[in-house]
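K.L.:
Any chance you can model this:
(one chain, ligands or ions: 1)
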Amino acid sequence: MASKSIVVAGGGFAGVWAAAAAARVRQDAGLDENDIRISLISKGPFLEIRPRLYEASPDTMKISLKDILGPAMVEDRICEIVEIETNTSKPKITLKGGETIEADQLVLATGSQLVRPIQKSIKRILFDIDTVDAATQLDDHIKSLANSTQEGQWTVVVVGSGFTGTELATELPSKLRAAGAPEDEFRVVMVERSDAIAPELGATMRPTILDAFDNFNIELKLSSTVESADSNCVLLSNGDVIASQTLVWTAGMRASPLATAIGANVDELGRLRVDRFLAVDGVANTFAAGDVATADADNGHCTLQSCQHAQMLGRFAGYNAATKLVGGEPMAYSQPFYVTCLDLGEYGALLSYGWDRKVVRTGKDAKKIKELINQRLIYPPQNDASALLAAAAPMVREAEDGIQRLLSA
Ligand SMILES: Cc1cc2nc3c(=O)[nH]c(=O)nc-3n(C[C@H](O)[C@H](O)[C@H](O)COP(=O)(O)OP(=O)(O)OC[C@H]3O[C@@H](n4cnc5c(N)ncnc54)[C@H](O)[C@@H]3O)c2cc1C
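P.N.:
Just a heads-up that it's a prediction; the model follows:
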């Protein structure tokens, strides 16, 4: 066959698994890189393990893309994509510097990023844990607090009590102690705009989260937000003034701007609407996966901006993009198995199951599962093409089968 190309844009969980799934289809069709060239283009050389960035040593939470994809003959290109044109039959990708690349099939997987506040009244470093670099900057800052002599030296204000904010807040007591904070002298303050903690996680998980907060003496400021901040203190909208040099923003994620720029239908988070094969609605030869896409996961339940959805969306998008080139039937995406596993620091963790988030494990039992997920299950094989391609098959796991396997793993 004449040489064809697949470009995967983005080297996160969705992009890595899309590229691996495409390489698997290529191999199964008896073809190689001379027949179908698969390239993954990403801003940096690593797969960043974003779900672990609240933990200790965030600088280590990354794996070389080359080590994952090189053995499977997927080319990785480290460059920023500045534009994608999809109004012709071959999507055209423009890289920073001006080079353009045409693809027979494109998988857009450029992920999401934190929406930072734009108030000019916040005149200080606003920390976050959205990327390895940002989380490392926060970690270094916490380690440097021992040298501070200012009031509020050991006070950290976390804005947003969603998944990320809650995991960070409950990890902070350990991080502060490790940095030298004397017991009973540190404060963690959680600021939440809503009138209830963890609004997106729902009522079933809330009692355990509140118990963990209580256990750590984490102070809750509900129905409030940050009004202004300078290098010494944070003023909240409820009038509270908190002496602190450490303000961490975790609230609000939005899809990569490249998704909106395509000009197709997007949802309120800027995610592209895709059909059941993950093709972008109304756009030729373009698939989307991960945090940049919104798909029906299970009978009207939409995918979330989560690692567990990104990994499987990637596999289906890569499979379907490659299948269009080699011939064969595309596979319809669905993902009925859904869990939420929330780390609560030294308190343990919380595992819920299903879309209504039924709590199935708490404390140390849930923590073991969280460690299994974070330390093993989300890591793709490295330097091993056959293990990678074996794991790259798209698969629909039924809910009951999924939870039984996880609980017995
Ligand atoms: C602190 C934290 C904790 C989390 N915890 C969990 C959890 O416990 N469970 C869970 O399921 N999910 C969790 N998530 C969410 C999860 O990490 C994301 O949903 C997942 O990483 C999405 O994968 P992705 O591949 O779609 O996008 P991303 O991880 O955002 O990757 C996108 C990739 O595209 C690249 N890119 C972006 N723009 C460009 C461009 N213009 N040019 C070239 N490359 C580009 C980026 O560099 C990156 O490599 C957490 C996220 C954070 C930040």
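K.L.:
For L235, which residues are in contact?
P.N.:
If you count contacts by Cβ atoms under 8 Å, 6 or more residues apart in numbering, L235 has them with V226, E227, S228, A229, V241, I242. All C-beta atoms are positioned from the backbone trio N, CA, C, and that covers glycine.
K.L.:
is it in a bridge, and if so with what?
P.N.:
Beta-bridge pairing for L235 (DSSP bridges): S228, V241.
K.L.:
Relative to the ligand, how far out is it?
P.N.:
26 Å (Cβ to the nearest ligand atom, to the nearest Å).
K.L.:
And that residue, how close does it get to V241?
P.N.:
To V241, L235 is 5 Å away according to Cβ to Cβ, to the nearest Å.
K.L.:
W249 too?
P.N.:
19 Å.
K.L.:
In terms of neighbours, single out the busier of those two.
P.N.:
Taking other Cβ atoms under 10 Å, W249 and V241 do not tie; W249 has more neighbours (24 against 12).
K.L.:
Is that one bridged to anything, and to what?
P.N.:
Where W249 sits in a bridge, its partners, by DSSP bridges, are V159.
K.L.:
per-residue confidence for it?
P.N.:
In this model, W249 is scored at 96, pLDDT.
K.L.:
what's the pLDDT at the closest residue to the ligand within the stretch 201-350 of the chain?
P.N.:
In the stretch 201-350 of the chain, the residue that lies nearest the ligand is G290 (2.2 Å; Cβ to the nearest ligand atom). If you check G290, the pLDDT there is 98.
K.L.:
Please apply the same query to the one 5 residues further on.
P.N.:
Per-residue confidence for A295 comes out at a pLDDT of 98.
K.L.:
same deal with M1?
P.N.:
For M1, the pLDDT comes out at 63.
K.L.:
Which other helices and strands does the longest helix seen in the chain contact?
P.N.:
Longest helix of the chain, by residue count under DSSP state H: helix 307-326. Applying 3 or more Cβ pairs under 8 Å, 6 or more residues apart in numbering; DSSP states H and E, we find helix 307-326 packed against strand 4-9, helix 13-28, strand 36-42, strand 105-108, strand 286-288.
K.L.:
which outside residues touch the last one?
P.N.:
The contact list for strand 286-288, computed with Cβ under 8 Å, 6+ apart, reads 18, 86, 91, 105-109, 259, 262, 271-272, 274, 277-280, 317, 320-321.
K.L.:
And the strands in the stretch 51-200 of the chain?
P.N.:
Assigned by DSSP state E, counting those that start in this stretch, the strands in the stretch 51-200 of the chain fall at 62-64, 75-78, 81-85, 92-95, 100-102, 105-108, 112-114, 155-159, 187-191.
K.L.:
Let me know which of those strands is the nearest to the ligand.
P.N.:
Closest among the strands of the stretch 51-200 of the chain, using Cβ to the nearest ligand atom: strand 81-85, at 3.6 Å.
K.L.:
pretty sure W249 contacts Q119?
P.N.:
No. Under the criterion of Cβ atoms under 8 Å, W249 makes no contact with Q119, lying 10.9 Å away.
K.L.:
right, and L325 touches I6 too?
P.N.:
Yes. When contacts are counted by Cβ under 8 Å, L325 is listed as touching I6 (7.1 Å).
K.L.:
shared neighbours, those two?
P.N.:
The contact sets of L325 and I6 overlap at I36, D104, Q105 (Cβ under 8 Å, 6+ apart).
K.L.:
For the second one, give me phi and psi.
P.N.:
Torsion angles at D104 (phi, psi; degrees, to the nearest 10) stand at phi -70, psi -40.
K.L.:
hmm, back to that, can you say which of the strands of the stretch 51-200 of the chain is packed in most?
P.N.:
Looking across the strands of the stretch 51-200 of the chain with neighbours counted as mean count of other Cβ atoms under 10 Å, the highest average goes to strand 105-108: a mean of 32.
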